[in-house]
Structures are given as structure tokens and as C-alpha cells.
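1. build me a model:
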Amino acid sequence: MQYDVNYDVCAILVLVSVILHFVGSKGIRNQKQIVFVQMVILAMLGGVCDVLSAVLNYHFNVPVAMNNLINFGYFSGVAGVALAYCFYVIILSREGTVLKFRSFLWMGFPYLILMAMCIVSPYTKWMYYYDEQKIYRHGPFFILLYVVPIVYMLVALFIAVKYRKIFRKNYVVAIFGFTVLMILLTWVQIHDTSVMVIAFGESFACMFVGYTMANPAEYYNLTLGAYNRNAFLEVFQYKTKPGRKVGALAIYAEGLDTIESILGYEGVATVEREIANFLAMYCRRKCIFKMSQGMFCVLDTKSGEEWKELQNLVRGKFQHPIPYKDTGIKVRVFQAQLKDAKKFGNADDVMNVLTYSIEKAVSDNVRVAVDADRVPIEQCRREAYVLNAVRWALENNGFSVHYQPIYSTTEGRFVRAEALLRLYDEKLGFIEPEEFIPVVEQHGLITEVGAFVFRHTCKFLAKEKLWERGIERVDINLSVLQCMQEHLASFLIDVMDAYGVPYKAINLEVTAVAAQVSDDLKINMEKLMEKGVTFSLDDFGTGNSSMVTLIKYPFEDIKLHESLIWEAMENPKAMQGLKHTIAMLTDMGFEIVAEGVENIEMAGKLQSLGCTIHQGFYYSEAMPEKEFLSILPDA
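-> Next comes the predicted model:
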């Protein structure tokens with residue numbers, strides 16, 4: 001029989017292009033890439049052996065032993081591609097977890113049995129054989145050479161569907177399409193053995209994996225010449241094998257946000273490129289990873305002395321400005337060292353520990369490398385979980401806003417309310433604001449969160465028309481970063497206009513810290529007050545407040561911090577201080593709101609001192625919208 005090898009030749013050419021693409025790219029060495037390389041090798045083996053079998057048998061009188069060897073190469077290659085493809089999909093579903101040897105053995109057992117049957121087939125005639133005229137024949141179990149690969153592909157499809165939330169949508173679609181294609185091509189080859197199309201289909205599977213799922217470009221930053229966070233996640237489990245001690249050094253350049261605002265992205269890129277190139281002088285490129293803006297990590301098997309030498313080199317290098325055009329960029333660089341990254345078990349924990357340690361170094365202004373091995377891992381995990389919960393809430397509208405009513409003792413009713421952000425996570429439960437707000441601030445999400453609260457509150461105000469139900473205005477907190485925004489006033493006015501909220505229904509709370517660090521705050525306040533928005537100085541009495549702040553900024557009322565009030569209830573000296581503070585603020589024309597009022601004694605004492613606006617658990621805790629509305633009179 002004469003075989004049509006054109007499809008096999010095309011398959012070989014496709015595989016050559018895949019190999020050239022892979023070799024020319026900046027690949028990383030991990031289990032997924034190793035399996036991909038094996039898949040390409042097996043596909044090439046199957047295609048080449050198929051061509052050899054067809055050509056040699058048609059044009060030459062080849063010994064039977066050589067034919068058997070070529071046939072074994074073809075069948076091991078074709079069936080092996082399906083097995084490797086299945087392994088590849090399983091590894092993808094594990095999200096960076098290394099597949100253990102026993103998993104390979106268990107999954108590969110049908111393939112090994114199939115290959116054993118092929119090896120003994122010249123004697124048993126189970127799979128194939130040559131008759132007395134040296135004509136190639138199929139044995140009774142030959143169909144297994146088609147069935148087993150299809151089963152592997154169906155398993156891969158099942159895994160892709162089962163873990164579709166982990167996979168990209170186009171991955172699932174492509175795996176489904178490839179499985180259907182291979183079933184059709186197998187059916188074609190079963191019915192017409194002269195058309196050799198299976199290797200052709202498998203070559204396209206390799207091309208799909210090579211240009212998408214195994215694409216090295218996903219792991220490498222060409223601009224910096226460094227690998228990225230995705231590469232770190234992939235490489236970590238492969239590098240931290242038993243018996244190998246792997247350390248990690250994080251390097252963070254502080255203040256790149258400021259550099260970007262002044263010099264643009266080019267300034268940031270200059271700093272990051274300088275860090276990457278400097279590290280490459282003392283470490284292999286495949287050990288250097290850019291984790292986030294300004295943060296790099298070196299993952300290597302250096303000794304303790306080598307790590308210490310690298311830390312000193314980094315510290316010495318960045319004591320001097322980085323050359324940039326006709327000037328220089330001065331950055332402060334912080335470091336955190338893990339001597340044994342393997343003990344943390346997975347890449348996520350290592351990243352969390354290093355990030356936590358860097359943040360600690362920045363806050364404490366520690367210029368030597370922080371010992372990250374001493375960081376409590378549970379605390380890092382908790383912070384990482386909270387950060388993920390915050391990000392999920394921002395993307396999926398998962399935050400809620402509760403309202404704590406504010407009571408007027410002179411009017412005997414609720415006259416105001418404060419909008420307070422709440423976060424509930426299915427895994428962590430209710431997360432206290434005292435826990436998630438610092439995380440939001442540390443990771444630069446506070447402006448997004450603040451914008452959410454303002455929009456949500458305006459929407460609620462407009463819908464329920466709270467001013468018609470006795471709530472004259474709602475207090476909304478502004479973060480320090482929000483107060484530093486040049487266009488804050490125009491943004492807030494646009495939101496209020498969009499929802500049709502009266503300006504006088506909004507009162508914005510600002511802390512003394514925000515007032516002291518923001519040059520734009522007073523300008524924004526004046527623009528908003530022209531419209532009718534009012535302002536409160538929040539947390540008065542915590543130590544950051546000053547007479548200069550009271551005089552400089554046009555606050556309408558002052559909110560006394562709960563700690564000041566609680567201390568006054570226990571300490572006579574503090575009570576005298578509170579008494580004179582209330583008198584002074586009243587004489588200056590401020591309305592005073594007491595926070596943290598928890599019982600009738602506190603309420604009575606504050607009223608006797610001249611403070612008649614109270615907020616606290618004695619009157620009500622912060623409530624969801626429906627509960628809050630239920631305590632208000634009808635319009």
C-alpha cells in the first residue's frame with residue numbers, strides 16, 4: 001500500500017516552527033515547560049517515524065526488525081503526545097503546584113501497558129505484525145493505539161471544564177476544539193489507513209500550546225530584561241526541590257509614584273532598568289524577577305556570605321543618584337532577605353512574607369536587609385487574604401455601606417448620619433475596618449474605595465431623599481490621599497450632580513493629618529463650600545490636631561474622638577481638659593459632635609458641658625440601609 005505522507009511532512013514543518021519559536025524566546029525552566037518540550041519531541045518522533053515507515057517500505061527492502069523499531073517509535077510518539085498533553089492540562093489546573101512522580105506513574109500506566117504490548121507485538125501479534133510476505137498487518141488490539149490517546153484527550157477536556165474558572169476561556173474552547181479535531185482525524189485514519197493525519201493534528205496541538213499556554217513571552221519583561229511575577233510563581237516550586245536550599249532577596253525602590261508624576265513612565269522605567277541590569281551583573285537573569293512596580297526578587301542558591309555581599313552591593317549602588325538625561329534620580333532602596341524560602345511551602349507565602357517585610361522596612365526606615373525569616377507567616381497570610389477580599393469587593397461591588405445615625409439632644413431626634421464602609425468575605429467572615437483600611441491604604445487602593453463610598457452614599461441619598469426624613473446631611477470620610485487630589489472638588493461635584501443630590505446634604509470629614517499634608521485641600525474645600533457642602537474636622541483630640549488647623553481651614557464642626565471622651569469619664573484632669581476644649585470650640589463658632597457615646601451617663605455629662613450632638617452605640621450602631629431607614633420617620 002502506498003501511504004500519503006504529505007500531512008506528516010506538514011506536521012514536521014509546523015513542529016520545526018514551534019521549536020524555533022520556543023528556542024528564540026526567553027523560556028523558564030519549570031515542570032510545565034519540561035512537559036511541553038517532551039510533547040514536542042514525541043510529536044516530532046511520531047511524524048518522522050511515520051514518514052520513514054512509509055518511504056522505506058515503499059522504496060526499499062528494509063529488514064523487519066528495523067520496521068518494528070520505526071513502528072514502535074511512531075506509536076510511542078503519537079500516543080505519548082496525548083499523554084503529555086493531558087499532563088500539561090493537569091499541571092495548568094494545579095496553579096503552580098508541582099505534579100509528583102506517582103501522579104505521572106498513575107496517569108501514564110495505560111500508556112506504559114500499551115508500549116509494552118507494542119514491544120512484544122512482533123512475537124504475540126497483539127498490536128501489529130508482518131506476515132510471511134513482509135506485509136504490515138494490524139493485530140486484534142490495534143484499536144487500543146487509537147482509543148488510549150483519545151481517552152487521554154477526553155480526560156484533559158474534562159479537567160479543563162471542571163476547572164474552567166482557573167483556565168482562560170479561550171483555553172477551554174481550544175482544548176474542546178482540539179479534542180473534537182483529534183477524534184475526527186482518528187476516525188479518518190481508521191477508515192483510510194493510507195491517509196496519515198494523526199501526527200498532523202498533534203502538531204497543531206503543540207503549536208497551540210507553544211504560542212498560547214506555554215508562551216514564554218508571558219513570563220518575560222523585554223523592556224527590563226527580567227522575568228515577571230508569573231514566572232516567579234511557576235519557577236518557585238521547581239527550584240525548591242528537596243535537598244536544595246533556595247534563598248530570596250527582595251529589593252524595593254520607594255517613591256516611583258512620585259517619580260512617575262514628575263518624569264512620567266520613562267523615569268520609572270529608567271530606575272527599574274537600572275535595578276534589573278545591576279542585579280544581572282551578580283546574578284543569572286533567570287534568577288531575577290520583577291514582582292511589582294519598584295520591587296524585584298532574586299531567587300537563587302547562594303551561600304549566606306554571597307547573599308550578604310549582594311545586599312551590601314545593592315545598598316552601596318543606590319546611595320548615589322541614577323543617571324537620567326542631564327540629571328539624576330535619587331531613590332531609597334529597601335531590602336528583605338529569606339535565607340530558606342522553601343520552608344514557607346509555596347510561592348504565594350514567600351511573596352507575602354517579602355512584601356510584608358519590605359513594608360515594615362519602609363515604615364521603620366530600616367536601610368539594611370530585613371530578616372524576613374522571622375516574620376509570622378499567619379499574619380502575612382491574613383493580610384494577603386484581606387487584600388484579596390478588598391480587590392474582589394472593588395471588582396464585584398462587594399463592599400457595603402452602613403449608616404450610623406447622629407442624635408441631637410436639643411431636638412430629641414436623629415439629625416445626621418455617618419456613612420461607614422463594611423466588608424464581608426465568605427472565607428474570613430466580617431472584616432473589621434480597623435483591619436482592612438490600613439491594608440487598603442498600604443496598597444494604594446484607598447482612592448478607589450473612597451470613590452465607591454461616595455458614589456454609593458449619593459445613590460442612596462438620592463433614592464431615599466433622606467433630607468425629607470429628618471437627616472439633614474450625611475457625613476462621608478475623605479482619606480489623606482483623596483485630600484491630596486488636585487481635582488477632588490470637581491469629581492465630587494460631578495458625582496453629586498449625576499445623582500441629583502443637594503450639596504447641603506453632604507458633609508465631608510477630614511482628619512488633621514490630611515489638612516497638614518495636602519496643599520490642595522483648602523482650594524478644594526472652598527470650591528465645595530461655595531456649592532453648599534460642609535466640612536468637619538475628624539478625630540479631634542488624638543494628638544494630630546492643632547490650633548493652626550482650626551484657624552486655617554473653614555470647618556463647620558468638630559468631631560471629638562472617642563478616646564478623648566472615654567478618658568474624661570475616668571480621669572478628672574481629662575474631664576477638665578474636655579470641658580475647656582468644648583467651651584473653646586463653642587466660642588470659636590464650631591458645632592461639636594461627640595463620638596463614642598456609649599451610655600446615658602456619658603450622654604448626660606456631655607450635654608451638661610454644652611455638647612448636644614452625639615454619636616455612639618448608646619443611640620445606635622452603624623446599620624445596613626434597610627435597618628437605618630426603619631428608624632427614621634416617614635417623609
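2. drop to CA atoms for contacts and neighbour counts, all remaining ones
-> Fine.
3. what helix or strand is the residue positioned nearest the centre of the chain on?
-> The C-alpha lying nearest the average C-alpha coordinate of the chain belongs to residue 388 (Cα atoms, centre = their mean; 7.4 Å). Under the criterion of DSSP states H and E, residue 388 resides in helix 377-396.
4. chain center to that helix: distance?
-> Its chain's average C-alpha position is 10 Å from that of helix 377-396, according to Cα atoms, centre = their mean, to the nearest Å.
5. what pLDDT, on average, does that helix get?
-> Averaging the model's pLDDT scores along helix 377-396 yields 88.
6. residue 282 - how many residues pack around it?
-> Look at residue 282: counted by other Cα atoms under 10 Å, it has 12 neighbours.
7. can I assume it sits in a helix?
-> No. Judged by DSSP: H, G, I helix; E, B strand; the rest coil, residue 282 forms no part of a helix; its state is coil.
8. after the helix holding residue 388 comes which helix or strand?
-> Per DSSP H and E, the first helix or strand lying C-terminal to helix 377-396 is strand 400-408.
9. what packs against the strand ranked longest in the chain?
-> If you go by DSSP state E, the chain has its longest strand at strand 413-425. Strand 413-425 sits against helix 377-396, strand 400-408, strand 429-431, helix 433-442, helix 446-464, strand 473-477, with contacts defined as 3 or more Cα pairs under 8 Å, 6 or more residues apart in numbering; DSSP states H and E.
10. and residue 114, how many neighbours does it have?
-> 20.
11. look up how far residue 120 lies from it.
-> Residue 114 sits 10 Å away from residue 120, taking Cα to Cα, to the nearest Å as the criterion.
12. now residue 359
-> Distance, residue 359 to residue 120, by Cα to Cα: 64 Å.
13. next one: residue 593
-> Residue 593 is 91 Å from residue 120, where distance means Cα to Cα.
14. please apply the same query to residue 186.
-> Residue 186 is 24 Å from residue 120, where distance means Cα to Cα.
15. out of these two, which sits in the busier spot?
-> Per other Cα under 10 Å, whichever of residue 186 and residue 120 has more neighbours is residue 186, with 21 against 13.
16. let me know the helix or strand that the more buried one is in.
-> Residue 186 belongs to helix 169-191 when assigned by DSSP H and E.
17. residue 299 too?
-> Taking DSSP H and E as the definition, one finds residue 299 inside strand 295-300.
18. swap in residue 302?
-> Under DSSP H and E, no helix or strand contains residue 302.
19. so what's it scoring on pLDDT?
-> 89.
20. over to residue 344?
-> We have a pLDDT of 74 for residue 344.
21. surely it is in contact with residue 351?
-> No. Counting by Cα atoms under 8 Å, residue 344 does not reach residue 351; the two are 9.9 Å apart.
22. give me the more crowded residue out of these two.
-> Shown here are residue 344 and residue 351; by other Cα under 10 Å, residue 351 has more neighbours (22 against 15).
23. host element of that one?
-> Here residue 351 is assigned to helix 347-364, by DSSP H and E.
24. same for that helix, what does it pack against?
-> Packing partners of helix 347-364 (3+ Cα pairs under 8 Å, 6+ apart): helix 229-239, strand 247-254, strand 332-338, strand 370-371, helix 377-396.
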